[in-house]
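Asks: have a look at this fold, sequence not included:
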């Protein structure tokens with residue numbers, strides 16, 4: 001047996017490894033046999049979904065063919081590192097990134113010279129307030145008042161979200177209201193211009209995209225929090241040395257929600273890894289993105305905010321394990337509530353240093369776990385009917 005230098009993971013980290021096993025031309029002990037079978041089981045689950053299929057694939061291959069097979073499963077780490085830095089992105093203040101959202105775009109419109117929906121409604125609500133002999137009033141009170149609640153209820157939360165920067169400020173006349181609106185409007189168009197430029201740059205390097213970050217952001221604090229998470233994850237020195245190219249959702253916008261959907265689907269397809277950032281509430285969008293990535297057989301990392309939610313995604317959520325549509329292999333997500341784990345997992349993935357361990361809760365039932373998070377990334381059922389039916393019909 002050998003410990004090849006170019007392998008998808010370090011085989012000397014497989015449980016039971018001893019240096020005595022290497023370069024032996026025969027099995028020297030039961031421990032040696034167990035270690036070899038352990039490797040066979042791990043590789044079979046990783047690439048074929050079950051041990052029998054893996055054994056049948058590997059059985060006729062000689063050493064050179066085996067090395068070629070495993071080398072084809074590696075990430076081209078040297079090429080990733082040698083690309084150099086990606087195109088620089090336009091900077092957007094973290095406090096202003098909420099303004100690149102679709103809700104803000106609908107509120108402020110596409111043209112800074114044309115009256116926006118938000119401005120029209122603010123003026124309408126203020127004029128009604130003055131007719132009622134009102135005095136100074138806050139922007140939030142205007143957007144929460146009777147005019148907006150009755151006539152624009154479906155968009156009320158959109159307007160409140162978009163005016164977050166001035167919600168607590170009060171006005172006494174229309175000029176003052178317009179000044180406050182104009183201040184935020186200028187921030188919006190500046191942020192949106194930068195975000196659109198960033199999207200152009202992301203599209204220009206989509207074939208080299210390493211990591212897609214999937215999330216849903218519903219308020220200003222979500223944008224701040226996501227920006228900080230991305231910064232902390234990818235500031236890891238080892239990832240910076242690899243020149244990892246990642247999509248930051250707080251820095252990108254599209255010209256419409258249809259285009260946004262096309263862009264995000266393309267990026268999920270092209271990215272090598274997806275990082276799913278769970279929030280207080282989930283959304284169809286990022287769930288669909290995670291499902292697409294798992295169904296393409298890509299590594300997916302779920303980042304959760306607390307232990308209870310981590311357990312939910314690791315053990316309960318149906319999206320945590322899906323089928324790679326091309327091969328039929330069951331692919332599971334890696335789940336953690338620690339930012340440093342995300343950085344570590346990305347480093348291991350791109351450096352071909354992942355570590356796995358087998359778990360057999362029942363005879364014939366195998367689960368392959370990633371060792372850092374103990375997440376199940378592959379599995380083989382012991383239900384004979386299910387297994388035979390699945391594999392007989394999957395490739396029919």
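Replies: Structure received. Here the structure is a predicted model, which means the values were calculated and not measured.

Asks: the lowest-mean-pLDDT helix or strand in the chain: what's the following helix or strand?
Replies: Least confident helix or strand, the chain: helix 307-315 with a mean of 61, by mean pLDDT, DSSP states H and E. Going down the chain from helix 307-315, the next helix or strand is strand 321-323, by DSSP states H and E.

Asks: which stretches of the protein have low pLDDT?
Replies: Counting by pLDDT under 70, the chain shows low-confidence ranges at 1-2, 281-282, 307-319, 396.

Asks: quick check, central residue of the chain?
Replies: residue 275 (2.7 Å; C-alpha atoms, centre = their mean).

Asks: residue 175 versus residue 126, what's the distance?
Replies: 11 Å (C-beta to C-beta, to the nearest Å). No exception for glycine: its C-beta is placed from N, CA and C like everyone else's.

Asks: cool, residue 44 as well?
Replies: The value you get for residue 44 to residue 175, if C-beta to C-beta is used, is 73 Å.

Asks: neighbour count for the two, which is higher?
Replies: residue 44 (23 against 9; other C-beta atoms under 10 Å).

Asks: longest helix in this protein, by number of residues?
Replies: In the chain, with assignment by DSSP state H, the single longest helix is helix 174-204.

Asks: buried set for that helix?
Replies: Buried positions in helix 174-204, judged by neighbour count with 16 or more other C-beta atoms under 10 Å: 177-178, 180-181, 184-185, 187-192, 194-195, 198-199, 201-202.

Asks: how about the helix or strand hosting residue 389: buried residues?
Replies: Using DSSP H and E, residue 389 sits in helix 384-394. Judged by neighbour count (16+ other C-beta under 10 Å), helix 384-394 contains these buried residues: 387, 390-391.

Asks: report the distance from that helix to the chain centre.
Replies: Taking C-alpha atoms, centre = their mean, to the nearest Å, the mean C-alpha location of helix 384-394 is offset from the chain mean by 31 Å.

Asks: burial of residue 127, as a residue count?
Replies: Around residue 127 there are 12 residues (other C-beta under 10 Å).

Asks: what's near enough to touch it?
Replies: residue 174 (C-beta atoms under 8 Å, 6 or more residues apart in numbering).

Asks: need phi/psi at it.
Replies: Main-chain dihedrals, residue 127, degrees, to the nearest 10: phi -60, psi -40.

Asks: and for the one 3 residues further on?
Replies: Dihedral pair for residue 130: phi -70, psi -30, per degrees, to the nearest 10.
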